[in-house]
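1. Pasting the sequence and the predicted coordinates here, then a few questions.
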Amino acid sequence: MKALIELIKGDITKIQADAIVNAANSSLLGGGGVDGAIHRAGGKQILDECIQIRNRQGKCKTGEAIVTSAGNLPATYVIHTVGPVWNGDEEKGSKLLANCYKNSLKLAEGLDIKKIAFPNISTGIYHFPKELAAKIAINEVQNFQTKKIEKIIFVCFDEENEAIYNELLKDKQ
Ligand code: AR6
């Protein structure tokens, strides 16, 4: 089965979904951008769980994902994944970004999640080119075979990403 794809413009902390994905950094201790917004809106519970995970298994490597509860957010879980910092190496960066989506979806599948929302990972502070990032995100989500996930939402915060996703998804569904 393949999940339905939806595009929303807005703030991912407001999304009612079983899981929202966070574009974190490997420290798992929070930061700016969507990471800052999620920790601010979700409260201390999320950071406490991130610290416990860090103490157990160390930092989160680029492309990998871990899960916490969602504190005060309307979602049930937050899946934290670490996108690549853009350094011009398209091949390596693309693989790592694809891993973020793959590993987040695998985690979600294991948690019986029906609805999951993604931000545009790496396209802010990490400066990954937006169009390339969108192509990778859509490709991974469309190729993901699932028994559980019914809907995958791309939450675009900025107009540029929204326009890119709109254009790329136009002919697809
Ligand atoms: N809801 C949805 N999307 C958002 C929100 C929001 N509330 N706020 C920003 N975005 P970024 P990165 C979009 O910078 O590039 C942090 O410090 C934003 O417009 O949040 O993966 C982490 O701790 C952009 O399209 O994440 C890391 O150190 C997208 O989210 C580093 O930034 C990703 O932008 C990660 O950088």
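-> The structure has been received and is ready for your questions. Numbers count the residues shown, from 1 in each chain.
2. Report the mean confidence score over stretch 68-83.
-> What stretch 68-83 shows for mean pLDDT is 98.
3. How about it and the ligand, touching?
-> Yes - under the criterion of CB under 6 Å from any ligand atom, stretch 68-83 makes contact with the ligand via residue 83. For glycine as for every other residue, the C-beta is placed from the backbone atoms N, C-alpha and C.
4. start to end distance for that stretch?
-> One end of stretch 68-83 to the other measures 17 Å (CA to CA, to the nearest Å).
5. Could you pull out the helices in the chain for me?
-> 33-42, 44-57, 90-110, 130-143, 159-170 (DSSP state H).
6. want to try CSV for the ones you listed, with mean pLDDT as columns?
-> Formatted as CSV, the helices of the chain follow (pLDDT from 0 to 100):
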stretch, mean pLDDT
helix 33-42, 98
helix 44-57, 98
helix 90-110, 98
helix 130-143, 98
helix 159-170, 98
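7. a markdown table please, covering the ones you listed and showing distance to the ligand and mean neighbour count.
-> Formatted as a markdown table, the helices of the chain follow (distance: least, CB to the nearest ligand atom, whole Å; neighbours: other CB atoms under 10 Å):
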| stretch | distance to the ligand | mean neighbour count |
| --- | --- | --- |
| helix 33-42 | 2 | 19 |
| helix 44-57 | 11 | 15 |
| helix 90-110 | 9 | 19 |
| helix 130-143 | 7 | 19 |
| helix 159-170 | 5 | 16 |
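8. Of all those helices, which one is nearest residue 77?
-> In terms of CB to CB, the element of the helices of the chain nearest to residue 77 is helix 90-110, at 8.0 Å.
9. same for that closest one, what does it pack against?
-> strand 65-69, strand 77-82, strand 115-118, helix 130-143 (3 or more CB pairs under 8 Å, 6 or more residues apart in numbering; DSSP states H and E).
10. Check which residues of the first one are buried.
-> Buried positions in strand 65-69, judged by neighbour count with 16 or more other CB atoms under 10 Å: 65-68.
11. Run the angle between that strand and strand 77-82 for me.
-> 150 degrees (axes from the mean of the first three to the mean of the last three CA atoms, to 10 degrees).
12. Packing partners of strand 65-69?
-> Contacts defined by 3+ CB pairs under 8 Å, 6+ apart place strand 65-69 against helix 44-57, strand 77-82, helix 90-110.
13. if we can go back for a sec, now render the helices of the chain as TSV, adding distance to residue 151.
-> Shown next, in TSV, are the helices of the chain (distance: least, CB to CB, whole Å):
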stretch	distance to residue 151
helix 33-42	20
helix 44-57	23
helix 90-110	11
helix 130-143	11
helix 159-170	14
